[in-house]
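Asks: Fold the stuff below for me.
(one chain, ligands or ions: 3)
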Amino acid sequence: MAAYADVIIDITAPTLDRTFQYEIPAELAPRAMIGAPVAVPFGNGKAPRRGYIVGLSDEPKVDAAKLRPIADIPDRDLSIEDSLVSLARQIRERYGGSLYDALRVVIPSRQKVQSVPKRIVKRALTVTELVAAAEKLTARETAKARLYKALTETEEIPYELVTGKLKLTKDALEKAAKEGILTIETVENDARSQGEGLTVTLNDEQVAAAEAVLAAPPESVFVLHGITGSGKTEVYLRVIGDIVAQGKQVIVLIPEIALTYQTVMRFYRCFGDKVAFVHSKMSAGDRYRMRERARKGEISIMIGPRSALFTPFPNLGMLIVDEEHETSYRSESTPRYHAVAVAVMRAKMCGAKVILGSATPSTETFYKCESGEYRLLTLTKRAKEGAALPKAEIVDLREEIAAHNYSVISRRLRAAITDRLAKKEQVMLFLNRRGYAGFVSCRACGETATCPHCDVSLTYHNDGTLRCHYCGYRRAYEKTCPSCGSKFYLPFGRSGTQKIEELVAKEFPTARVLRMDADTTKAAEDYEAILTEFAEGRGDILIGTQMIVKGHDFPKVTLVGALAADLSLGVPEYNSAERTFDLLAQAAGRAGRDRIPGEVIIQTYRPEHYAVQAAATADYRAFYDTEIAFRRSCGYPPVRHLLTIVGADRREAFLESAMDDLAAAVKAAVAADGAVVIGPSPALLRKKKDLFYRVLYVKHGDVSVCVRAKDVAEGWMRGERGVGLTFDVD
Ligand code: ADP
Ligand code: ZN
Ligand code: ZN
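Replies: Ligands and ions are numbered 1, 2, ... in the order given. The predicted model follows:
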């Protein structure tokens with residue numbers, strides 16, 4: 001047992017590496033764990049200070065006689081801060097990295113908080129006058145137009161919502177105030193607008209879902225599965241209303257990209273000032289202020305992306321994760337935690353319930369419904385009268401090749417676009433950029449080169465080989481299709497949205513074409529501007545990457561074309577079919593949101609693929625059943641757990657031998673439990689910015705074995721080898 005502990009006294013300090021060493025008295029030793037809250041003597045103060053153990057050691061860093069003993073390690077009555085630190089410890093245990101990293105995620109560093117007076121923007125005209133004023137605005141005044149529209153719907157709006165999400169400047173607001181359109185008022189901080197509560201009458205399915213959640217015991221996890229537009233958000237609102245009435249708080253996670261003004265307003269209209277929201281464009285100071293308001297009980301509902309998960313609510317009753325399948329819920333930096341898993345962890349700690357909502361739940365999540373760990377609630381129809389699901393059609397690109405059409409736009413899609421342009425309806429063309437250049441497929445018969453051992457795509461390398469990045473298998477690249485002999489057996493390249501834009505402009509010279517991708521949307525404003533332009537009908541065709549298929553409502557869009565479904569099918573990862581299904585299903589959900597029926601055209605070289613078929617028929621269940629059978633047969637998550645260890649170093653040979661040693665160490669530790677250790681082999685990206693990468697996989701049915709393998713690797717890394725390692729469980 002360790003004799004000394006490193007203790008952080010001030011957890012909100014901007015740097016966490018300021019620790020102090022203390023002696024651990026024998027009677028406290030059993031409770032002296034990393035992350036444990038402690039009381040310690042500090043400086044000359046008589047009263048002990050609170051702190052947290054962040055490190056343990058057997059060696060004193062200074063003369064042991066000078067170290068003071070820890071005064072107490074309480075083991076009950078966790079404060080909200082204690083429980084967040086304990087959550088950080090669980091995150092560290094599950095996902096690796098240091099406790100510092102995990103603490104920084106869970107508890108942001110302290111910021112100066114200015115007390116800002118609470119202000120509201122209130123309408124000064126009648127609704128009719130306001131509508132008339134809105135009609136006089138020019139096409140460029142989009143933020144104003146949105147504000148006027150919002151004020152016709154709600155009499156008063158919090159100032160920060162107006163400036164933040166509507167992107168209005170202070171000047172613009174003051175000008176509108178001078179013109180007598182609105183007033184800006186400062187109100188007492190405790191003057192609360194209560195919100196209107198629920199305004200729609202829930203249908204039977206929605207009522208059943210909400211009641212099941214409310215009646216369930218604490219810690220229950222629900223999956224709310226319903227197509228887009230089936231009324232999931234209304235179910236959330238109903239449940240939140242009840243939880244808040246019980247004096248508890250609620251966290252609602254919404255992916256950043258779906259955190260639009262409309263969404264925030266829906267919650268605000270329902271719950272008034274009990275709601276706050278955070279987003280990543282907010283300053284650290286503003287975000288900190290929101291946290292403090294939550295801690296003090298000034299708000300009861302926090303809406304935001306991943307980071308809102310750590311809102312310090314003292315009596316958290318419910319966590320809702322909307323669009324739970326979204327990849328943005330996984331953190332890209334250490335610790336690489338997943339918000340869904342951490343939401344469940346946090347709920348278990350404080351007895352809260354969880355709702356995971358999605359039209360296309362992740363395979364991992366749905367698997368847990370089947371095993372009985374989560375409970376499934378289903379909404380089967382669109383809630384709004386008259387809104388129907390669009391009709392989907394699959395276009396077989398192999399037939400285009402046979403008919404000598406080598407364009408990325410099929411004859412069928414071209415005809416449909418021409419038809420919509422004539423009818424003055426709008427078109428979205430979605431290019432699947434999640435696609436990965438380098439996999440080889442036959443354009444004539446659809447045959448793809450896959451690994452005989454792993455059932456994932458092989459990747460083309462410039463030395464003329466095809467390789468599996470899971471197991472290292474390689475073979476020579478043959479230029480003719482092994483299945484049909486066609487010479488169109490080629491590696492896929494990345495055709496960018498820009499190229500497509502040029503092509504579309506050439507084929508449809510009179511159409512107004514807008515493009516949205518990472519290049520055209522460097523700033524958030526660009527992104528909003530393009531969406532607004534399109535929403536207001538100042539474009540006929542919107543071309544873009546996955547950004548355009550997520551969560552936006554364009555009532556005039558009656559045709560969505562998915563240009564190359566195959567690109568994401570070729571990603572050499574075990575979940576590429578799932579990603580493809582999600583994207584295609586979402587793209588399909590964009591068409592026909594209003595009363596005009598919509599149409600979706602999916603172009604592919606592999607029309608028979610189950611992900612394509614299920615997306616076209618909007619049949620989640622059919623997709624899941626095939627997918628889970630595939631995962632089972634290959635031993636992939638969620639059936640078995642997969643630990644990915646990526647090693648990085650500048651010296652390739654050194655990295656290679658170090659990773660071999662690591663693999664041997666891991667094997668020695670977990671092979672007896674039946675764990676399968678695969679690799680090491682070069683990573684998908686072998687070299688990036690002068691660093692070489694190698695990857696090692698550990699598969700086992702029990703996640704604790706994978707976590708143990710990770711612990712072994714972490715211990716090994718702390719040895720002499722100096723290779724940078726990152727970990728990823730599932
Ligand atoms: P989801 O979150 O599943 O995409 P929403 O909750 O946003 O669905 O509902 C889609 C649309 O249907 C919204 O305009 C919403 O106001 C409306 N709606 C939802 N439930 C009902 C209902 N029971 N009656 C009438 N309209 C409803
Ligand atoms: Zn072929
Ligand atoms: Zn392989």
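Asks: can you pull the buried residues of the lengthiest helix in the chain?
Replies: If you go by DSSP state H, the chain has its longest helix at helix 652-670. Within helix 652-670, the residues that count as buried by 16 or more other C-beta atoms under 10 Å are 655-656, 658-659, 662-663, 665-667, 669-670. Quick note: C-beta positions are derived from backbone N, CA and C, even for glycine.
Asks: Run through the stretch 51-200 of the chain and note the low-pLDDT ranges.
Replies: 75-78, 139, 165-166, 189-192 (pLDDT under 70).
Asks: Kindly report the residues of it close to ligand 1.
Replies: Within the stretch 51-200 of the chain, the positions lying close to ligand 1 (C-beta under 6 Å from any ligand atom) are Val200.
Asks: Identify all contacting residues around stretch 417-427.
Replies: Residues outside stretch 417-427 that contact it (C-beta atoms under 8 Å, 6 or more residues apart in numbering) are 409, 508, 510-511, 534, 537, 539-542, 554, 556-561, 596.
Asks: Please state the offset of it from the chain centre?
Replies: Offset of stretch 417-427 from its chain centre (C-alpha atoms, centre = their mean, to the nearest Å): 33 Å.
Asks: elements contacting the longest helix of the chain?
Replies: Here helix 652-670 touches strand 641-649, strand 676-688, strand 691-700, helix 703-716, going by 3 or more C-beta pairs under 8 Å, 6 or more residues apart in numbering; DSSP states H and E.
Asks: Sketch out the strands for the stretch 351-500 of the chain, chain order is fine.
Replies: Ranges of strands within the stretch 351-500 of the chain are 353-358, 375-379, 391-396, 426-430, 440-442, 459-461, 465-467, 474-476, 489-491, based on DSSP state E, counting those that start in this stretch.
Asks: State which one residue of the stretch 251-400 of the chain is found closest to ligand 2.
Replies: Arg398 (8.5 Å; C-beta to the ion).
Asks: Could you do the stretch 51-200 of the chain as well?
Replies: Of all residues in the stretch 51-200 of the chain, Tyr95 sits closest to ligand 2, with a separation of 42.3 Å (C-beta to the ion).
Asks: Can you get me a residue count around that residue?
Replies: By other C-beta atoms under 10 Å, the residues close to Tyr95 number 24.
Asks: Quick one: neighbours of the residue lying closest to it once chain neighbours are set aside, just the number.
Replies: Closest residue to Tyr95 in three dimensions, ignoring its sequence neighbours and counting by C-beta to C-beta, 6 or more residues apart in numbering: Pro335, at 4.0 Å. A count of nearby residues for Pro335, using other C-beta under 10 Å, gives 23.
Asks: who's in contact with Pro335?
Replies: So Pro335 contacts 91-92, 95-97, 101-102, 105 (C-beta under 8 Å, 6+ apart).
Asks: Taking those residues together, which two end up most distant?
Replies: Gly96 and Val105 (12.8 Å; C-beta to C-beta).
Asks: where exactly do the helices run in the stretch 1-150 of the chain?
Replies: Counting by DSSP state H, counting those that start in this stretch, one finds helices in the stretch 1-150 of the chain at the ranges 80-95, 99-106, 127-135, 142-153.
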